[in-house]
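Enquirer: sequence and predicted structure are below.
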Amino acid sequence: MPYSITPEGLEVTFATNHLGPFLLTHLLLDLLKRTAPSRIVFLSSFMHGQGDVDTSNLWGKNLEKKKFNDAYNCTKLMNTICAKELSTRLQGTGVTVNSVNPGIVLTDAMRYYSVLLRLVFNIIGFFFFKTSEEGAASTIFCSVSEEAEGLNGKFIDSDCAIVLPSEKTRDPAVNKKLWEACESATNLSNGTGGRS
């Protein structure tokens with residue numbers, strides 16, 4: 001999407017792809033624990049390895065200076081990191097947390113690119129990319145399949161196989177710092193559940 005800021009001062013891609021789902025997950029946690037076994041699935045991407053996490057500029061105030069896909073890649077990395085961190089925090093509760101890569105899916109996500117790039121993407125995508133239904137397979141697998149029962153803290157690829165995520169997701173200190181920054185951004189650390 002073109003660079004823009006929400007009324008709360010958040011970069012729109014960050015607010016949409018990461019912080020909104022982060023907050024919604026937390027608002028549902030008590031219910032998920034009461035109805036365990038429960039599953040939480042964070043949507044990531046194979047592009048998460050191209051992202052970076054800057055907790056000093058979490059809300060993306062300087063993202064207008066970055067490349068077009070940077071905000072997307074960063075949010076997918078944040079989703080993968082927070083899935084791993086939440087899986088650790090929820091151990092023993094009966095709630096499992098995983099992140100998934102749906103693969104390259106032919107959707108309307110390219111609508112903000114140039115006409116020529118969209119045309120090339122759609123032609124190539126027609127032959128090689130997944131449909132929306134096919135792209136949902138890894139999410140459905142993690143959400144309801146018997147095979148995924150008990151899986152926790154894993155990264156599932158578009159073929160529903162467990163794979164290692166980017167090395168950027170494996171630093172417990174960074175993961176904790178990102179988690180706390182997201183809690184602060186949503187006022188969860190104050191127990192109010194919303195950004196002031």
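Expert: Noted; the coordinates are in hand. Residues are numbered from 1 along each chain as shown.
Enquirer: so which residues of this structure form strands?
Expert: Taking DSSP state E, the strands of the chain run over residues 38-43, 95-100, 155-156, 162-163.
Enquirer: ok, and which of the ones you listed has the densest surroundings?
Expert: strand 95-100 (a mean of 26; mean count of other C-beta atoms under 10 Å). In short, each C-beta sits where N, CA and C put it, glycine included.
Enquirer: any idea how far stretch 42-55 is from the middle of the chain?
Expert: 7 Å (C-alpha atoms, centre = their mean, to the nearest Å).
Enquirer: mind listing what's buried along that stretch?
Expert: For stretch 42-55, a neighbour-count test (16 or more other C-beta atoms under 10 Å) marks 42-51, 53 as buried.
Enquirer: residue 96: which of these is nearest?
Expert: residue 42 (11.6 Å; C-beta to C-beta).
Enquirer: neighbours around residue 8, how many?
Expert: The tally of other residues near residue 8 (other C-beta atoms under 10 Å) stands at 12.
Enquirer: next up, phi/psi of it, please.
Expert: Note on residue 8: backbone dihedrals following degrees, to the nearest 10 are phi -80, psi 0.
Enquirer: buried set for stretch 24-34?
Expert: 25, 29, 32.
Enquirer: okay, the strands of the chain in JSON lines with mean pLDDT next?
Expert: Below are the strands of the chain laid out as JSON lines (pLDDT from 0 to 100):
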{"stretch": "strand 38-43", "mean pLDDT": "96"}
{"stretch": "strand 95-100", "mean pLDDT": "96"}
{"stretch": "strand 155-156", "mean pLDDT": "95"}
{"stretch": "strand 162-163", "mean pLDDT": "94"}
